[in-house]
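[1] sharing a model prediction with you, sequence too.
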Amino acid sequence: MLKNRKLPFAVSLSLVFNFILWLSAGSPSAAGELETVLRGLADKSRVTIKKTVVKLGELGDPAALPALEALLHKRLRVDAAGRLIIINEEETAGTDAVSGEAVPIDSAALRAPRINNAVRRVLRPAIARLKLNSGDPDVRLAAAKALMKRPSAAILPLLQKTLKKETDTRVRETLSLVVAQIQLQGDDRDRQLEAFSLIGQFGDNRFKSDLEKFLAKNADGAFMETNPEFRQAAAKAIASIEQRQFFKNQIGNLFYGLSLGSILLLAALGLAITFGLMGVINMAHGEMLMLGAYSTYVVQNLVNTYFPELFNWYLAAAIPTAFVVSALVGIALERLVIRHLYGRPLETLLATWGISLVLIQTVRLIFGAQNVQVANPPFLSGGVELFQGVVLPYNRIVIIIFVICVVGLVSMLLLRTPLGLQVRAVTQNRPMASCMGISAGQIDMWTFGLGSGVAGLGGVALSQIGNVGPELGQFYIVDCFMVVVLGGVGKIAGTVAGAMGLGIVNKFLEPVAGAVLGKIAVLIFIILFIQKRPQGIFALKGRTVEN
């Protein structure tokens, strides 16, 4: 009885085992089927290649993507044995399209599959289908954006099927727009109205040309589109896109205004320190920016020549170098010229203006009159795309962070160190500070060096967003004085407020009034503001006011 009871279990176990063996031996694996189908791309018949492409798209295996993309971009080859090989752009190396292994190539022994427009028409939908089946949402998003550039009615069923199972919001929105583009050109009234609504909800300026066709008029002034419902839907979608684009533009203007304000802040911070302490109108301050930028250029070339493996980090050496070079030049300028002209602002202005010309000409003799290029390290290249058409470059983001750090360090130096205490004492009451044993002359020297060094750091930042030339400082000296006067001379908080205010206002005025009229409007505003409040946003307390 026990044997009879155990027999059915043994038989069942045997049947299951044999069934598994039959499955593994009798049904081809997915990889084997893909390899078999891929061989069709090596055929000399375009009809066979076309059928193979369609079959690969139906299989939905992303492993076929490299071969299909190589076929589309004319980088697929077939050797004498019928093996598919993907070659690089230089045709110097190749990989097996099936196994992915590197293979030696002989260009003379390889032939390229012959394709025509009929094959290309099925290639793009097949590639898109495979990418849309990818497990990576970024790959699916890239495929959807590629389809948006070339929408085709042939892939509409695929897009609708993909939309039903898509879970990523970004991909769904992009695919919906592609579907809307296709439906907009169709004959189904309800689908067209739905397309207008989708484009108005998710679309951007790229879709305005398609929508404006429905509002076009003929030579007699009559609408070419006879359906008023379509015209109304198109106008509503355009208004929605423009409203959303306006919002995006304002965000972009705000960021670029903060970026410009950060650069103005770095350029004017040193001037605020020297002007506030000594009351010196330093027309050579812009050249400290220029010296900092050229110091960055020199360090870049030295690192590239002697330590090329460290080139990506040359800014770590350029920042202290630019500070020291500009600070030393500032100290020399104060010791040799400016300290003999205290109390004579007009003569100081003329002397520093002449020194600025000497510095410009010296740089021209050393580096030439042409602009020089300072390369961005890799981590400063590229940017973050917040919206379509609104990109935040990494270099400007880092400059904003850099400015925050510099302002914080300067504030800490002036408020939390013995040197800062002495600087504030001399600023508020020079005779009393001298009676307390503070060497006012030494404080003038170190403070002028600090202001010049900070300007050199501004030159490092400027070198990362544009070319470096001998006249670099001349473009910023007037803006520096406007920032300092508006914020209140000698006040770091006022300099921050003035720089950020001018930067943001400039960027918001430029699209409306243009760059030149925008600057004129800002200048008029500053003149009127100073007439009403001569001390600036933050009032200065110290000997400059008392005198």
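    Everything's here; your move.
[2] mind naming the longest helix for this protein?
    helix 228-278 (DSSP state H).
[3] pLDDT (mean, whole number) over that one?
    On average, the pLDDT along helix 228-278 is 84.
[4] so how far is it off the chain centroid?
    For helix 228-278, the separation from the chain centroid amounts to 15 Å (computed by Cα atoms, centre = their mean, to the nearest Å).
[5] what's the answer for stretch 449-463, then?
    Counting by Cα atoms, centre = their mean, stretch 449-463 comes out at 24 Å from the chain centroid.
[6] could you export it as PDB, CA atoms only?
    The C-alpha coordinates for stretch 449-463 follow below in PDB (Å, rounded to 0.1, in the frame of the first residue of the first chain):
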ATOM      1  CA  GLY A 449      45.700  94.900   0.000                       C
ATOM      2  CA  LEU A 450      42.600  93.100   1.200                       C
ATOM      3  CA  GLY A 451      40.400  95.100  -1.100                       C
ATOM      4  CA  SER A 452      42.600  94.500  -4.000                       C
ATOM      5  CA  GLY A 453      42.900  90.700  -3.200                       C
ATOM      6  CA  VAL A 454      39.100  90.400  -3.100                       C
ATOM      7  CA  ALA A 455      39.000  92.100  -6.500                       C
ATOM      8  CA  GLY A 456      41.500  89.500  -7.700                       C
ATOM      9  CA  LEU A 457      39.100  86.800  -6.600                       C
ATOM     10  CA  GLY A 458      36.400  88.500  -8.700                       C
ATOM     11  CA  GLY A 459      38.800  88.200 -11.700                       C
ATOM     12  CA  VAL A 460      38.900  84.400 -11.100                       C
ATOM     13  CA  ALA A 461      35.100  84.300 -11.300                       C
ATOM     14  CA  LEU A 462      35.000  86.500 -14.400                       C
ATOM     15  CA  SER A 463      37.500  84.200 -16.200                       C
END
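[7] hmm, back to that, helices or strands up against whichever helix or strand comes after the longest helix of the chain?
    Sequence-wise, the next helix or strand downstream of helix 228-278 (DSSP states H and E) is helix 285-306. In terms of contacts (3 or more Cβ pairs under 8 Å, 6 or more residues apart in numbering; DSSP states H and E), helix 285-306 is packed against helix 228-278, helix 315-336, helix 345-367, helix 440-463, helix 477-487. Yep, even glycine has a C-beta here, placed from its N, CA and C like the rest.
[8] out of those helices, which one sits most buried?
    For those, the largest average neighbour count (mean count of other Cβ atoms under 10 Å) is found in helix 440-463, namely a mean of 26.
[9] could you pull out the strands for the stretch 51-200 of the chain?
    With DSSP state E, counting those that start in this stretch as the criterion, the stretch 51-200 of the chain has strands at 76-78, 84-87, 94-96, 102-103.
[10] mind putting those in JSON lines, mean neighbour count included?
    Output for the strands of the stretch 51-200 of the chain, formatted as JSON lines (neighbours: other Cβ atoms under 10 Å):
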{"stretch": "strand 76-78", "mean neighbour count": "22"}
{"stretch": "strand 84-87", "mean neighbour count": "22"}
{"stretch": "strand 94-96", "mean neighbour count": "19"}
{"stretch": "strand 102-103", "mean neighbour count": "12"}
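[11] and the angle for the longest helix of the chain with helix 285-306?
    Per axes from the mean of the first three to the mean of the last three Cα atoms, to 10 degrees, the angle that helix 228-278 makes with helix 285-306 is 100 degrees.
[12] between helix 228-278 and helix 315-336, how many degrees?
    Put simply, helix 228-278 runs at 40 degrees to helix 315-336, going by the same axes, to 10 degrees.
[13] related to what we said a few turns ago, let's have the strands of the stretch 51-200 of the chain in TSV, adding distance to Gln243.
    What follows is the strands of the stretch 51-200 of the chain, written out as TSV (distance: least, Cβ to Cβ, whole Å):
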stretch	distance to Gln243
strand 76-78	47
strand 84-87	47
strand 94-96	50
strand 102-103	54
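[14] give me phi/psi at Val372?
    According to degrees, to the nearest 10, the main-chain angles of Val372 amount to phi -110, psi 150.
[15] likewise for the one 5 residues further on?
    For Pro377, the backbone dihedrals (degrees, to the nearest 10) come out as phi -60, psi 160.
[16] nearest to Val119, of the strands of the stretch 51-200 of the chain?
    Checking those against Val119 by Cβ to Cβ gives strand 76-78 as the closest, at 11.6 Å.
[17] I appreciate the help and will end here.
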